[in-house]
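**Q** Okay, predicted coordinates and the sequence, questions at the end:
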Amino acid sequence: MNLFDLSGKVALVTGGNGGIGLAMAQGMASCGASIVIAGRNEEKAGPALASLRELGTRCAFLTGDVTKKAACVKLVADTVAEFGRLDILVNNAGTAVRKMPQDYTEEEWHLVMDTNLTSAFLCSQAAYAPMKAQGGGKMINIGSMMSLFGAPYATPYASSKGGIVQMTRAMATAWAKDNIQVNAVLPGWIDTDLTKRARREVPGLHERVENRTPAGRWGSPPDMAGIAAFLASPASDFVTGTAIPVDGGYSIGM
Ligand code: NDP
């Protein structure tokens, strides 16, 4: 038995058209999974799909704004309609608005909470029935170092990512008997569009991260591929409710 074999499995990755989501999709594709990537930006989807096809996987892009319940329900329904099943859901779509807590508008709070946390709740809720009917599944939620730490310019982001960990634990306990494993991944600082923007806005951030990370470097998206393959595969069938840092040691260093 190949513990990491995902042949015949179908994965839906929100925000899978770039950055960490695409790298996780590639990790699962390289183990044999078919992949559906979801996002709003169709331009990014072309190269993302091409990179997945190079791995020999069957794949598709679905457009959807995961802050809307109807879109989450439709993403899951369309995946099942097109690919016949849904085995793995990666709740990866995310955004950030950098401000001091006193300066956020209510809309900005809701944008970050809805994109990062409510979307994961809604997609998981939609995915539950098909996974249960199939006899099991895997849900992988993307947290952050902000699931563990606070920061002055990240109140809604840290709230949403802390919520991801508790939502993961709650759903893991609810659905363990249905053979659905729910886990969170907490990436360290990874070089993506999201953090490129932070680096532009925060002088000295690049060096601060390098110095604070025991591995002495930023992560790159491919650093996230292995954890996706593990948490999606039979190798993790008795692993549920965890929040696993993938951070070059950032969360355990001084
Ligand atoms: P990117 O900005 O590259 O990716 C974010 C993805 O989310 C995009 O593909 C985007 O697709 C999608 N997305 C955003 N809003 C929506 C929406 N409303 N509906 C559908 N899709 C949406 O950033 P990362 O790859 O860095 O981030 C991926 C995840 O990893 C996020 O949850 C982020 O918080 C988390 N993370 C990132 C870290 C890092 O250092 N980079 C560290 C810790 C956590 P589109 O534009 O097409 O809508």
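**A** Cool, the structure landed.
**Q** where along this protein do the strands fall?
**A** Ranges of strands in the chain, per DSSP state E, are 10-14, 34-39, 59-63, 88-91, 137-142, 180-187, 243-246.
**Q** of those strands, which approaches residue 225 most closely?
**A** Among the strands of the chain, strand 243-246 comes nearest to residue 225, with 10.0 Å by CB to CB. (Each C-beta comes from the backbone N, C-alpha and C, glycine too.)
**Q** sorry, back to before: any chance of the strands of the chain in JSON lines, with distance to the ligand too?
**A** Converted to JSON lines, the strands of the chain look like this (distance: least, CB to the nearest ligand atom, whole Å):
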{"stretch": "strand 10-14", "distance to the ligand": "6"}
{"stretch": "strand 34-39", "distance to the ligand": "3"}
{"stretch": "strand 59-63", "distance to the ligand": "8"}
{"stretch": "strand 88-91", "distance to the ligand": "8"}
{"stretch": "strand 137-142", "distance to the ligand": "4"}
{"stretch": "strand 180-187", "distance to the ligand": "4"}
{"stretch": "strand 243-246", "distance to the ligand": "9"}
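**Q** Tell me which of those strands is the most buried.
**A** Among the strands of the chain, the stretch with the highest mean neighbour count (mean count of other CB atoms under 10 Å) is strand 88-91, at a mean of 30.
**Q** other SSEs contacting that strand?
**A** Using 3 or more CB pairs under 8 Å, 6 or more residues apart in numbering; DSSP states H and E as the contact definition, the elements that strand 88-91 packs against are strand 10-14, helix 19-29, helix 119-134, strand 137-142, helix 225-232.
**Q** mind listing what residue 53 touches?
**A** By CB atoms under 8 Å, 6 or more residues apart in numbering, the residues touching residue 53 are residue 59.
**Q** pretty sure residue 30 contacts residue 55?
**A** Yes: using CB atoms under 8 Å, residue 30 and residue 55 qualify as a contacting pair, with a distance of 5.4 Å.
**Q** what sits against the residue of the stretch 51-200 of the chain found nearest the ligand?
**A** When CB to the nearest ligand atom is the measure, the stretch 51-200 of the chain has its nearest residue to the ligand at residue 94, with 2.2 Å between them. Taking CB under 8 Å, 6+ apart, we find residue 94 in contact with 15, 115-116, 142, 194.
**Q** Kindly indicate which of those lies nearest residue 155.
**A** The shortest separation between residue 155 and any of those is 12.4 Å, and it belongs to residue 116 (by CB to CB).
**Q** Tell me how far that closest one lies from residue 181.
**A** Residue 116 sits 21 Å away from residue 181, taking CB to CB, to the nearest Å as the criterion.
**Q** Please identify the residues of the stretch 101-250 of the chain in proximity to the ligand?
**A** 115-116, 142, 144, 187, 189-190, 192-195 (CB under 6 Å from any ligand atom).
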